[in-house]
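Please find the sequence and the predicted model below.
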Amino acid sequence: MAWYCSGSTNTELIENLYKARLIKNERVKAAMIGVDRAHYAPTRPYSDSPQPIGHGATISAPHMHCHACEYLIDYLQPGSRVLDIGSGSGYLTHVLANLVTGRPGTSAPGQVIGIDHIPELVDLARSNMNKSEQGRQLQESGQVKFITADGRLGWKENAPYDAIHVGAAAEELHPVLVEQLRAPGRLFIPVESENNGIHLSSLGFGGGQYIWVVDKKADGTVHKEKVFQVSYVPLTDAPRS
Ligand code: SAH
């Protein structure tokens, strides 16, 4: 699948992801066409594969960014508030902002907060986004903010969120993130599988992570669903400086 969806330009990559039905929603397609991956992925930006961005982090593969947007799309309306945990390169934060801030000329005050625990990556995300005029404006208006913090605690200051995306594998389905969801709201999070309390990956078994989609319904009840297997870098303590 990876070679099939790659392209020689940003638009070609996104069109190929659309033809392969990895993107189904037209709004997701337009939001992704609106962000040039070359501003975020230093090498092979239009390849459908993860790329290193330094500090042990990667920009996820384009098809994973598609899955995240597709699962969250109903909660990404103009005016929605979103938290992007493990924002890394800032690419997905920018795509999410395109989905919630509406068309140029409309006044939807949607907002996306990107959190990463590595300050250098927070600076990188800011400077990546400043490479386009539109990205610069989103930051200047405060519609996108990048913050250095431990994402496992969420970001209470701007809660509740219509959508929370987690871009690194958590050891557990952190209850505080569910608390910070609006009702209705949706959390998209990769979580390590456990077997009798032991994480499969710590035993050398690969592929022990699954995406969980957690919905907080309008009446406050919570519904959790394990949707597919993935391989993300872990959500960890910040490295000591
Ligand atoms: N969505 C990003 C993914 C980056 S990789 C992208 O596509 O560019 C995962 C990121 O999670 C890394 O940048 C890493 O620094 C960050 N991370 C890991 N543990 C974290 C934590 N506890 N709090 C915040 N960010 C964390």
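Structure's in. What do you need?

beta partners of residue 116?
Beta bridges link residue 116 to residue 148, judged by DSSP bridges.

Pull the contacting residues for it.
86-88, 122, 125, 146, 148, 151 (Cβ atoms under 8 Å, 6 or more residues apart in numbering). From N, CA and C alone the C-beta is placed, and that goes for glycine too.

Please apply the same query to residue 110.
Residue 110 makes contact with 77-82, 97, 99-102, 143 under the criterion Cβ under 8 Å, 6+ apart.

Quick one, which of these are buried?
80-82, 97, 99-102, 143 (16 or more other Cβ atoms under 10 Å).

which one in the residues you listed is the model shakiest on?
Within the buried ones among the contacts of residue 110, pLDDT reaches its minimum at residue 102, with 71.

Close to the ligand: what parts of the chain are there?
Counting by Cβ under 6 Å from any ligand atom, the residues of the chain close to the ligand are 57-60, 85-89, 91-92, 115-118, 121, 150-152, 167-168, 233, 235-236.

Which ones among those map onto helices?
Counting by DSSP state H, the part of these found in helices is 91-92, 121.

Which of these sits closest to residue 173?
When those are ranked by distance to residue 173 (Cβ to Cβ), residue 92 comes first, at 20.1 Å.

What's the per-residue pLDDT of the nearest residue to that closest one once chain neighbours are set aside here?
Distances taken as Cβ to Cβ, 6 or more residues apart in numbering place residue 65 nearest to residue 92, at 5.3 Å, with adjacent residues excluded. With respect to pLDDT, residue 65 scores 98.

on that earlier part again, put together a markdown table for the ones in helices among the residues of the chain next to the ligand, with neighbour count on each row.
Formatted as a markdown table, those follow (neighbours: other Cβ atoms under 10 Å):
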| residue | neighbour count |
| --- | --- |
| 91 | 28 |
| 92 | 27 |
| 121 | 24 |
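
May I see the residues you listed arranged in a markdown table, with pLDDT as well?
Below are those laid out as a markdown table (pLDDT from 0 to 100):
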| residue | pLDDT |
| --- | --- |
| 91 | 98 |
| 92 | 98 |
| 121 | 98 |
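
which of the contacts of residue 116 tops the neighbour count?
residue 87 (29 neighbours; other Cβ atoms under 10 Å).

ok, that one touching residue 118?
No: if you go by Cβ atoms under 8 Å, residue 87 and residue 118 don't touch, sitting 10.1 Å apart.

ok, back up a step: among the buried ones among the contacts of residue 110, name the ones in helices.
Residues of those located in helices (DSSP H): 97, 99-100.

Neighbours of the closest residue to residue 184 other than its chain neighbours, how many?
Distances taken as Cβ to Cβ, 6+ apart place residue 218 nearest to residue 184, at 4.8 Å, with adjacent residues excluded. A count of nearby residues for residue 218, using other Cβ under 10 Å, gives 9.

And the one 5 residues further on, by the same measure?
Burial of residue 223 is recorded as 10 neighbouring residues (other Cβ under 10 Å).

same thing with residue 184?
Count around residue 184 with other Cβ under 10 Å applied: 14.

Can you show me the helices along this protein?
Counting by DSSP H, one finds helices in the chain at the ranges 2-5, 10-19, 26-33, 62-72, 91-100, 119-129, 133-140, 175-179.
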